[in-house]
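Asker: sequence and predicted structure, then a few things I'm wondering about:
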Amino acid sequence: MIALPPPKQDILARRDEIVAALRAIVPGEGTISEPLRLKPYETDGLSAYRQPPLAVVLPTSTDQVARIMRYCHEQGIRVVPRGAGTSLSGGALPLEDAVVIGLMRMNRILEVDFDDRLAVVEAGVTNLGITKAVEHEGFFYAPDPSSQLACMIGGNVNMNSGGAHCLKYGVTANNLLGVTFVTPTGDVVEVGGAHLDAAGYDWLGLLTGSEGQLGIVTEVTVRILRGPEGARAMLAAFKGTEIAGQAVDAIIGSGIIPVALEFMDKPCIHACEAFAHAGYPLDAEAMLIIEVEGSEAEQDDLLGRIKEICARFDPISLKVATSAEESMAIWKGRKGAFGAVGRISPDYLCMDGTIPTGELPHVLKRIGEMSDDYGLKVANVFHAGDGNLHPLIMFDANDPESFRKAEAFGADILKLCVEVGGCLTGEHGVGVEKRDLMGVQFEPHELDQQRRIKSAFDPAWLLNPHKVFPLEAAQ
Amino acid sequence: MSVNLIAPHREADLAREVALATGTREPIAIEGNGSKRALLRPVQAARTLSTRNLTGITLYRPTELVISARAGTPLPEIEAALAEKAQMLAPEPPDTRALFGTDLPATIGGIVAANLSGPRRITAGAIRDHVLGIRFVNGAGEVVRSGGRVLKNVTGLDLCKLLTGSHGTLGVITEVTIKVLPAGETSATLAVRVPDLETGIRTLSAGLGSPYGVTAAALLPDAQGPLALLRLEDFAASVAYRSGRLAEDLARFGEIRVIGAEESLPLWRGVRDAAPLAAASEEAVWRVSVRPSAGAKVAQAAQALGGRALLDWGGGLVWIAGPATETAHAAVMAAAEAARGTFTLFRAPEPLRAAVAVLPEEPPALAGIAARVKAALDPAGVLNPGRMRAGL
């Protein structure tokens, strides 16, 4: 289990006074202090960790956020920002002595401009909400994390969220033009805007993926893109993971960048097929879902090229969708993968390392061996084009020993990712989950360099001090 | 320019030089080949530390879409290695030799330090979007890594973004890893003769807002009126199909000519390097970045001060050539500010660069953070002091 810093006793003792001060800024229902109503805020998508906060405050404007931050800064109160609470790494996990600032009531779309291809939205607008606001003109917001129905753009900025389609369209950082954020001392700062590229330091880039360490994002300007004429998927199943990896290399090497290129291993194929009946081949060791975009003729051309490439690798089956319905059927199993694994195991940990794609066969083999050693089952889904691996480790949360083993297994997988030239997290963030593994990827002086940059924004370490960096630094 | 040029052959030696400078608190100018020495403000330093001898591609995996190279590797060497595998640096960085009148090509480290992107930036992203990993020497002389060699990585603060575009003021970049992409099999350009700049920008917006994957959109000054250029790059069949569809969509804006790959290539190389601007050697050159729909106004402001404009990035990047005077600079600044955009005084005689703000000032809260971040990386303030802003 991961340790949290000890609460400041003087802050706990002044709880009523603090709640009253917050209520003066955000009146009525917007400030929450009753234990029962704090309960929904005690955890996020990493539900093994729970900690109710001192209070929750739900501002409706950047100005309110600034006043809350100024007050907390003056009083030395820790702050934890929260969007929809979908983080899989404990990114929204509170502290006993912290005020949670929930951005979900800041959910207005402020501007949409199709000529300049941008939208200005408040931090609490959902990822899918942006696409919903622009799709009537054929536009969309590209990054599409699996949680896109619920997760909020403010959280996406802080986690630099990706998704299945980022091989072609990039991650959040590549789709932002500007943000408004509130500094830990309560100043409101705009960086970027409706134009491209900063003149000066790239504050927008530094804030993106900073996991709420540097400031509270309240408004976001995103690029919106015109959607393609159409998209279609195909399925390719192979006798081995190595040979499937070679097929991926050959596709990319031919100059084709599919819009999505998903890899599933045998346990994952079986779990998904049992759940979704998508017609996946159960005798395959590995399966690819490949999606391309363009006009009907362009889709035919690209899928034809890819089929030809896959045919060179002795596939068990090749199925090219001939309609949008057939594409959906191919995707159905993959999109339900987490639910499918949830059905065969009471609980699972979703890991998120990235590896150089050429290392996939080696990494999957090692994960298989570890699975035997730990006695825990694992299913692997993999964004094959970009190397982002999601092993789902199955365990039983009612058995503390099983959870301990699952965490150790997960840590071993991430260490392996770093060892082969990859990283601890591709899109879920460090949060509390991988905080204590940061030393595997970075040298002490490199972590110190990052901490000094945090200190430049947050000198008193009041913002999310229990995340990203190993704990001794925060004290 | 300083007389004393130190150009170590090893990263460890370079790190030692930086540590020495910090120890003695003596400022050092940081550069690669010095091809952009005349960019931004002049640096007052007795010595120059160059990465030009840290050269060589250290890793290239075409199927993983990554290339790593030491900072001093010349850009043409990287572009040639990529071209051999039909790949490219998607942001299409400009060759600034003609603009700055230098002989040596840019280094990859210099392109990253300046975050300099060309026409494809509008759809493919900037250099900063493609830097996956970085090694740099901070002011204390420590070698620090950030990012890595994989396409998706959110582990820790993204110092790649912070260092990219920091012009050697936060650290000396020694090696970079960059995401590369397949180069299109062929290309075509639609040239639309438009009556005025506003119509030109609407033409570019219509193209960029189409489903046909336009990869560059520029508006050229021309004797016969503005010319809107829209580029398509992909497999040959796709380019043929899409240029037909796009020509139908854009016909309402003006007469269209479809330009094939052979003529298209030098045309865009020219746009990339701001050649159509035809900046005279005594003139100043600015880059102004605004929302595309504001580009025409900025270009008109340039014309009012006796200058010329070339618009790229769908109208959002306005290259301006004009008189190298404080009055002209103030007018460009005002135009950028009115459009809520930013500006860079890209090229000017040294006295002008030393006298004016070459980049927009930051609001006080951000300026305070900038000073603390600079101190967090360069505690003695010895790396390229004053290059971006006076006193920083």
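Answerer: In hand now; what should we look at?
Asker: got any ranges where chain B has weak pLDDT?
Answerer: The model of chain B has pLDDT under 70 over residues B:1-3.
Asker: break it down into its domains, please.
Answerer: Following automatic domain parsing, chain B resolves into domains at B:1-183+B:361-392, B:186-272, B:275-355.
Asker: is any part of the second one close to chain A?
Answerer: Pointing back at domain B:186-272 there. Yes: where contact is defined by CB under 8 Å from any CB of the partner chain, part of domain B:186-272 touches chain A, namely B:202, B:205, B:208-211, B:213, B:235, B:237-238, B:241. No exception for glycine: its C-beta is placed from N, CA and C like everyone else's.
Asker: what sits against the most centrally placed residue in chain B?
Answerer: In chain B, the residue lying closest to the centroid (CA atoms, centre = their mean) is residue B:116, at 1.3 Å. For residue B:116, the contacting residues are B:36, B:93-94, B:96, B:106, B:127, by CB atoms under 8 Å, 6 or more residues apart in numbering or on different chains.
Asker: now with 7 Å, please.
Answerer: B:93-94, B:127 (CB atoms under 7 Å, 6 or more residues apart in numbering or on different chains).
Asker: which among those residues gets closest to residue A:418?
Answerer: For the contacts of residue B:116, the residue nearest residue A:418 by CB to CB is residue B:127; the value is 26.0 Å.
Asker: what residues does the stretch 51-200 of chain B have near chain A?
Answerer: For the stretch 51-200 of chain B, the residues in contact with chain A (CB under 7 Å from any CB of the partner chain) are B:61-65, B:86, B:115, B:121, B:125-126, B:128-129, B:138, B:142, B:144-145, B:148-158, B:161-162, B:164-166, B:181-182, B:185.
Asker: buried subset of these?
Answerer: B:61-65, B:115, B:121, B:125-126, B:128-129, B:138, B:142, B:144-145, B:148-158, B:161-162, B:164-166, B:181-182 (16 or more other CB atoms under 10 Å in any protein chain shown).
Asker: touching, residue A:377 and residue A:394? I think so.
Answerer: Yes: contact criterion CB atoms under 7 Å: residue A:377 and residue A:394 qualify, at 4.6 Å.
Asker: residues near residue B:251, how many?
Answerer: Applying other CB atoms under 10 Å in any protein chain shown, we find 11 residues neighbouring residue B:251.
Asker: look up phi and psi at it.
Answerer: Dihedral pair for residue B:251: phi -60, psi -30, per degrees, to the nearest 10.
Asker: ok, it to residue A:295 distance?
Answerer: Distance of residue B:251 to residue A:295, computed by CB to CB, to the nearest Å: 19 Å.
Asker: show me what residue of the stretch 151-300 of chain B gets nearest to chain A.
Answerer: residue B:161 (2.6 Å; CB to the nearest CB).
Asker: ok, that residue - contacts?
Answerer: By CB under 7 Å, 6+ apart, the contact set of residue B:161 is A:202, A:205-206, B:128.
Asker: end to end on stretch A:19-35, go ahead and measure it.
Answerer: Taking CA to CA, to the nearest Å, stretch A:19-35 runs 13 Å from one end to the other.
Asker: show me what contacts residue A:376?
Answerer: With contact set as CB under 7 Å, 6+ apart, residue A:376 has these partners: A:393-395, A:405-406, A:409.
Asker: what is the most widely separated pair among these?
Answerer: Farthest pair in the contacts of residue A:376 (CB to CB) is A:394 and A:405. Separation: 11.0 Å.
Asker: ok, these two, which is more surrounded?
Answerer: residue A:394 (21 against 17).
Asker: in chain A, which residue is closest to the centre?
Answerer: Chain A, centroid-nearest residue using CA atoms, centre = their mean: residue A:428 at 3.5 Å.
Asker: nearest residue to that residue in space, please, no chain neighbours.
Answerer: Using CB to CB, 6 or more residues apart in numbering or on different chains and skipping residues adjacent in sequence, the residue nearest residue A:428 is residue A:352, 4.0 Å away.
Asker: near chain B, which residues of the stretch 151-300 of chain A are found?
Answerer: A:159-160, A:162, A:170-171, A:174, A:183, A:187, A:189, A:193-203, A:205-206, A:208-210, A:226-229, A:249, A:252-253, A:255, A:257, A:294-295, A:297-298.
Asker: so which of the residues you listed are in strands?
Answerer: Among those, the members falling in strands (DSSP state E) are A:189, A:226.
Asker: sort out which of the residues of the stretch 151-300 of chain A next to chain B are buried, if you could.
Answerer: With burial judged by 16+ other CB under 10 Å, the buried subset of those is A:159-160, A:162, A:170-171, A:174, A:183, A:187, A:189, A:193-203, A:205-206, A:208-210, A:226-229, A:249, A:252-253, A:255, A:294-295, A:298.
Asker: per-residue pLDDT, residue A:101?
Answerer: Residue A:101 is assigned 98 on the pLDDT scale.
Asker: what of residue A:38?
Answerer: Confidence at residue A:38, expressed as pLDDT, is 97.
Asker: quickly find the element holding it.
Answerer: Taking DSSP states H and E as the definition, residue A:38 sits inside helix A:35-38.
Asker: following that helix, which helix or strand shows up next?
Answerer: Counting by DSSP H and E, what follows helix A:35-38 is strand A:55-57.
Asker: and that following strand, what does it pack onto?
Answerer: helix A:15-25, strand A:31-32, strand A:98-102 (3 or more CB pairs under 7 Å, 6 or more residues apart in numbering or on different chains; DSSP states H and E).
Asker: tabulate those (TSV), appending mean neighbour count.
Answerer: Listed next are the helices and strands packed on strand A:55-57 as TSV, based on neighbours: other CB atoms under 10 Å in any protein chain shown:
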stretch	mean neighbour count
helix A:15-25	16
strand A:31-32	22
strand A:98-102	26
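Asker: so which of these is nearest chain B?
Answerer: strand A:98-102 (18.5 Å).
Asker: what lines up beside the closest one in the sheet?
Answerer: Neighbouring strands of strand A:98-102 in its sheet, by DSSP bridges, are strand A:55-57 (parallel), strand A:78-82 (parallel).
Asker: what do residue A:377 and residue A:394 both touch?
Answerer: Shared contacts of residue A:377 and residue A:394, counting by CB under 7 Å, 6+ apart, come down to residue A:345.
Asker: what's the neighbour count on residue 334?
Answerer: Chain wasn't specified; assuming chain A. When neighbours are counted by other CB under 10 Å, residue A:334 registers 24.
Asker: I was thinking of chain B, sorry if that wasn't clear
Answerer: 12.
Asker: list the contacts of residue A:76.
Answerer: Contacts of residue A:76 by CB under 7 Å, 6+ apart are A:460, A:462.
Asker: list the residues that contact the closest residue to residue A:356 other than its chain neighbours.
Answerer: Spatial nearest neighbour of residue A:356, excluding adjacent residues (CB to CB, 6+ apart): residue A:421 at 5.0 Å. Going by CB under 7 Å, 6+ apart, residue A:421 touches A:356, A:359, B:149.
Asker: that older thread, helix/strand/coil for the residue of the stretch 151-300 of chain B closest to chain A?
Answerer: Here residue B:161 is recorded as helix under DSSP: H, G, I helix; E, B strand; the rest coil.
Asker: perfect, I'm done here.
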